[in-house]
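# 3D model of this:
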Amino acid sequence: MTNENTHSHSPRMFLHQLAPEVQKAMIALHKAATKGLEPSLVELVQIRASQLNHCAFCLDMHTKDARKAGETEERIFLLSTWEEAQGFYTEKERAALALTEAVTVLTDGFVPDEVYERAARHFPEQELAHLISAIITINSWNRIAVTTRLAPGAYDPS
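Okay, the predicted model is just below:
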């Protein structure tokens, strides 16, 4: 029996080849957005947004990058259940992950005040601006990869 929800496909296009100026701008946006943020925090945010967006390509990339940067397998595996994984993430990371979910999903059409205020308690205003920018950037990357059907597996972080 086949599962009709299983996606087996090849890439629709390679946007980076067809629109290299967009690729270059996205790379510059990522660099600007993540300036001053802890690299481990950035990877956690990118992994969590990619989980929510069902972006296998970005999950493959960012879990590999996180492991290369020293992130533990345990924290990566538990990331989809970070709220229940007490003691594995700092309060600052938990605030960033809550903000990541709120910005990524926008369930009610807005980011709840309590989620924003929680993040604001842990991040100085400029750092919070960069965190929001990093969340927006990974969501854009996810949408590019999902839309163009980039396949996971080939990324090498070296």
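# where does this protein dip in pLDDT?
Scanning the chain for pLDDT under 70 picks out the ranges 1-8.
# make it 80
Applying pLDDT under 80 to the chain picks out residues 1-9, 107-109.
# which residue is nearest the centroid of it?
In the chain, the centroid-proximal residue (C-alpha atoms, centre = their mean) is Gln46; its distance is 1.9 Å.
# Who are the contact partners of Phe88?
Glu74, Arg75, Leu78, Trp82 (C-beta atoms under 8 Å, 6 or more residues apart in numbering). (C-beta placed from N, C-alpha, C; glycine too.)
# Wait, the last one touches Arg48, no?
Looking back up the chat, that one is Trp82. Yes: taking contacts as C-beta atoms under 8 Å, Trp82 lies within contact range of Arg48: 7.3 Å.
# In terms of neighbours, single out the busier of these two.
Arg48 (24 against 20; other C-beta atoms under 10 Å).
# Scan this protein for its longest helix.
Longest helix of the chain, by residue count under DSSP state H: helix 125-148.
# if we can go back for a sec, so which of the contacts of Phe88 are in helices?
Judged by DSSP H, those include Glu74, Arg75, Leu78 as members of helices.
# Can you show me the helices along the chain?
For the chain, applying DSSP H gives helices covering 15-18, 20-34, 39-52, 56-68, 73-78, 91-105, 113-122, 125-148.
# number of nearby residues for Glu91?
Neighbour tally, Glu91, other C-beta under 10 Å: 10.
# ok, it to Cys55 distance?
Remark: distance between Glu91 and Cys55 (C-beta to C-beta, to the nearest Å) = 27 Å.
# How about Ala85?
In this view, Ala85 and Cys55 are 22 Å apart by C-beta to C-beta.
# between these two, who's got more neighbours?
Using other C-beta under 10 Å as the criterion, Ala85 and Cys55 rank with Cys55 on top: 25 against 15.
# Please look at that one and Ala145 and confirm they touch.
Yes: using C-beta under 8 Å, Cys55 is in contact with Ala145, at 5.2 Å.
# can I assume Gln51 is in contact with Leu78?
No: Gln51 is beyond contact range of Leu78, at 11.5 Å (criterion: C-beta under 8 Å).
# the more surrounded of those two?
The neighbour comparison of Gln51 against Leu78 (other C-beta under 10 Å) goes to Gln51, with 19 against 14.
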